[in-house]
Structures are given as C-alpha cells and as structure tokens.
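Undergrad: Give me a model of this one.
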Amino acid sequence: MLQNSKKKICIIVDCLSGGGAEKQAANFSKSLHSYGFKVSIISLKDQVTYDYEGELYNLGKRESSIKIIKQIQKLFAFKKAYKKCNADMYIDFRSRSRFVMEYLLHTFIFEVKKMIMMVHSYQIEWHIPKGKLFKKIYNNTHAVVAVSKAIEEKLNQVYGFENQVYIPNYITIDKREKISTLDAQDEYIVAVGRLQNDIKQFDRLIETYHASKLSEKNIKLFICGDGDDKESLQHLISTLQLQTHVKLLGFVENVSEYIRNAKYLVLSSRVEGFPMVLIEALQQQTPVIAFDCKSGPSEIIQHKINGLLVEDQNFANLKDAMRLLIENIDLYMDCKQNTVSSINKFTEEPIIQQWIQLITA
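TA: Predicted coordinates:
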C-alpha cells in the first residue's frame, strides 16, 4: 500500500512487553508498516519482548537510580525522541494518570493536533488525568480512541469528547501451520495475564478451580504471565495442595500454543478494556469463559455459541461454568466449532481501514 509511504506514524508506549495494550501496539506497528507507513516507536521502559516494526527509541536504558533525576532525564529524552521522529501523527498507548507528568508532556513536548490518545481500560482515569484541564486538552487532540463500546459510552457520559472514535483491537490472521511442540499428556484449562490479583484475580480463580473439583477429573490449570503477586499465588497453591494441578508458567513466548492446546481459556478479571486474549483464544479454536465485566467480554463472547459469559464477579457461577464446559460435550463442541467465525469483525483488514481513515483525515 505505497500510497501511505510518506506518512510517518509514531507509537508511544510504556513498554513492549507483558500486557495486552503493549502487544496490540507492537502488532499495530507491524500492520502500519505493511500498509506503507513509516513507523517509529517511543518506549519509556527498557522492556521489549514483543516483535515490532519501525525505529525504536528506548528511553529506559541508562536510567539514573535517583527518581527525580530519572524523571527529568526521561522528560528531556522524550522531547528529543519526539522531535527526531518528526511524525505526522503520534498515537499514545500509555497509561496516563499522573497529572504533573502529563501536563509537562502536553505543555513542552506534544503537538496537540498530532496526538491520538488511546483509552484501553474501562477505568478511564488510568488514561486521562482527572480535572477539567485534561478534558479541554484531550478535546483538542486529533482523536480520543475507545477500544470498546462500553468505554466509548463511559467517555461520552463523563467527558463528551467531540473527537471521540470507537476502534476495537484486532488480531492478524495466523497463516502458519499449527504444529504443537507441547507435551500432549496434560489436559488443562488456561488463563493468561499479569499476575496482578487486584485486577486479574488469579487468586480467586485458583480458589474457584479448587471448588470446581476439576482436579479430580485430572484437568489442570495453567496460568501464563509474570507479576508482583507470583509469590502469594504460589503460597495459595501450596495451601490448597494444588501443586500437581495448578502451574504458574511465567512469561512464555509460545503462549498461543498453550492456548491452542487448552480445553478452554478462562478470564476472571475485575475490570478490562477489550481483552485481546479472548479473541486470540477464539482464533486458536479454543472456547472461552469470562465474567461479563466492564468492558469487552460481552462484545466478544456469544453465550453458549463461542463460549460462556458469566454474571460479573459471580464466582459460584464461574465455578459452574468451568464444570459445564468440561462435562457437556455437545455444548463444548458447538462452541469450539463457532470460535473462528465469531471473530471475523475483529480481524486486521476492516479495522486497519478505520485507522487509515482516522490517520489520514
């Protein structure tokens, strides 16, 4: 798509590792590159595990150990990288809750009309500092992009931005032959995400798995991801005597293989934005179970069609759903058969066209 070859796009991220928004940013860089855009990426942290395209400005290297000095250095490094990118449009995927830092960025670095501000969570305060000032600032940017319809509705209620757009996350079509390298002896269900119990609630998931008695059917629970709560989760696993059946796998590069070979994927989050892991699982022909939390799952899951949508935060119902999708073979096979066709609207081509229209407007 060479018509876009002169358009320069800069993606701004906290990092390129660990989370769904970060993975989406990395994939987005590859999509933009394939459509003829010149891509650059500014990353605040030296955490890069996802594949990306474009020139990377890694601001996390050689940081001072003194916090105030580190922040000042990073601000100047940010300004230098921003100017060097000289992009036609800057798309900001970061968390943006710190009032002073964001005020400095918008005052001394950002060209407001060239900024597109992503809102990736239903907790919109993670992406927009509170106060009337940032309502005015964000309203003057090129666009504020909500990745789910529920986020879009909340932004309308709280801010009423005139430049607001809804563009969901997307997946790229995996054309590679799917050959598993995993040991096929284990039957298991899988959960994926940062080990952050206040959001992902993996502690409650482990307790629910224990109550479901799936271990008695020798169905294991694998959890892929790293985070601050790893030690407490290991302690919980030991306390419940589930060491044989619950495995914390840490960060795994071949997470798609673990998802593809699972019976199903379960999402037990308190809050989300537009959980990529659900559509990634469905792409791998793996049914999903998720709370109907704010936001995203209800826009992806068709109840008893491609998975099960559980009343938000009802762990008793989650337990029953986890058992149901193991015990009801007909329901399971129906859901499995409908996985891939259910996510056609979340594939790259239709959504990138929305992005191109927004960027070039």
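Undergrad: Tell me which stretches of the stretch 251-361 of the chain form helices.
TA: Applying DSSP state H, counting those that start in this stretch to the stretch 251-361 of the chain gives helices spanning 255-260, 276-283, 297-300, 315-327, 329-338, 348-359.
Undergrad: okay if I get the ones you listed as JSON lines plus mean pLDDT and distance to Leu75?
TA: To be clear about C-beta, it is placed using only N, CA and C from the backbone, and glycine gets the same treatment. Shown next, in JSON lines, are the helices of the stretch 251-361 of the chain (pLDDT from 0 to 100; distance: least, Cβ to Cβ, whole Å):
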{"stretch": "helix 255-260", "mean pLDDT": "93", "distance to Leu75": "34"}
{"stretch": "helix 276-283", "mean pLDDT": "95", "distance to Leu75": "30"}
{"stretch": "helix 297-300", "mean pLDDT": "96", "distance to Leu75": "37"}
{"stretch": "helix 315-327", "mean pLDDT": "98", "distance to Leu75": "44"}
{"stretch": "helix 329-338", "mean pLDDT": "97", "distance to Leu75": "49"}
{"stretch": "helix 348-359", "mean pLDDT": "94", "distance to Leu75": "27"}
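Undergrad: Mean neighbour count for those - can I get that in CSV?
TA: As requested, the helices of the stretch 251-361 of the chain are exported to CSV (neighbours: other Cβ atoms under 10 Å):
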stretch, mean neighbour count
helix 255-260, 19
helix 276-283, 25
helix 297-300, 22
helix 315-327, 18
helix 329-338, 15
helix 348-359, 16
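Undergrad: And these: which comes nearest Ile9?
TA: Set against Ile9 and scored by Cβ to Cβ, those come closest in helix 348-359, at 6.7 Å.
Undergrad: Could you check how far that closest one is from the centre of its chain?
TA: 19 Å (Cα atoms, centre = their mean, to the nearest Å).
Undergrad: Now do that helix: which elements does it pack against?
TA: helix 20-34 (3 or more Cβ pairs under 8 Å, 6 or more residues apart in numbering; DSSP states H and E).
Undergrad: List the neighbours of the helix it packs on that are in contact with it.
TA: 1, 9, 11, 13-16, 39, 41, 50-54, 91, 93, 118, 120, 169-172, 193, 273, 275-277, 348, 352, 355 (Cβ atoms under 8 Å, 6 or more residues apart in numbering).
Undergrad: Among those residues, the buried ones, what's the PyMOL command?
TA: Buried members of the contacts of helix 20-34, defined by 16 or more other Cβ atoms under 10 Å, are picked up in PyMOL with:
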select buried, resi 9+11+13+14+15+16+39+41+50+52+53+54+91+93+118+120+169+170+171+193+273+275+276+277+348+352+355
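Undergrad: Please flag which of the contacts of helix 20-34 sit within helices.
TA: When DSSP state H is applied, the contacts of helix 20-34 are split such that Met276, Val277, Glu348, Ile352, Trp355 fall in helices.
Undergrad: what about the stretch 101-250 of the chain, any weak spots by pLDDT?
TA: Scanning the stretch 101-250 of the chain for pLDDT under 70 picks out 174-184.
Undergrad: in it, which spans are strands?
TA: For the stretch 101-250 of the chain, strands defined by DSSP state E, counting those that start in this stretch occupy the ranges 115-119, 143-146, 164-166, 187-192, 219-224, 246-250.
Undergrad: can you redo those strands as TSV with distance to Ala21?
TA: Below are the strands of the stretch 101-250 of the chain laid out as TSV (distance: least, Cβ to Cβ, whole Å):
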stretch	distance to Ala21
strand 115-119	7
strand 143-146	12
strand 164-166	16
strand 187-192	14
strand 219-224	17
strand 246-250	20
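Undergrad: and of the ones you listed, who's closest to Tyr82?
TA: If we rank those by Cβ to Cβ, the stretch that ends up nearest is strand 115-119, at 10.5 Å.
Undergrad: For the nearest residue to Pro297 once chain neighbours are set aside, give me its contacts.
TA: Excluding the flanking residues, the one nearest Pro297 by Cβ to Cβ, 6 or more residues apart in numbering is Ala290, at 4.2 Å. Ala290 is in contact with Val266, Leu267, Ser268, Ser269, Pro275, Leu278, Pro297, Ile301, Gly307, Leu308, Leu309, Val310, counting by Cβ under 8 Å, 6+ apart.
Undergrad: Who does Ala290 form a beta bridge with?
TA: Bridge pairing for Ala290 (DSSP bridges) gives the partners Leu267, Leu309.
Undergrad: Distance check, it against Ala191.
TA: If you measure Ala290 against Ala191 using Cβ to Cβ, to the nearest Å, the figure is 10 Å.
Undergrad: Residues that sit against both of these two, list them.
TA: Val266, Leu267, Ser268.
Undergrad: Out of those, flag the one nearest to Glu111.
TA: Among the shared contacts of Ala290 and Ala191, and counting by Cβ to Cβ, the member closest to Glu111 is Leu267, at 37.8 Å.
Undergrad: can you list the domain ranges for the chain.
TA: Split into domains by automatic domain parsing, the chain comes to 2-171+346-359, 187-345.
Undergrad: just to revisit the earlier point, quick one, which of the strands of the stretch 101-250 of the chain is nearest to Ile259?
TA: The nearest among the strands of the stretch 101-250 of the chain, by Cβ to Cβ, is strand 187-192 at 5.8 Å.
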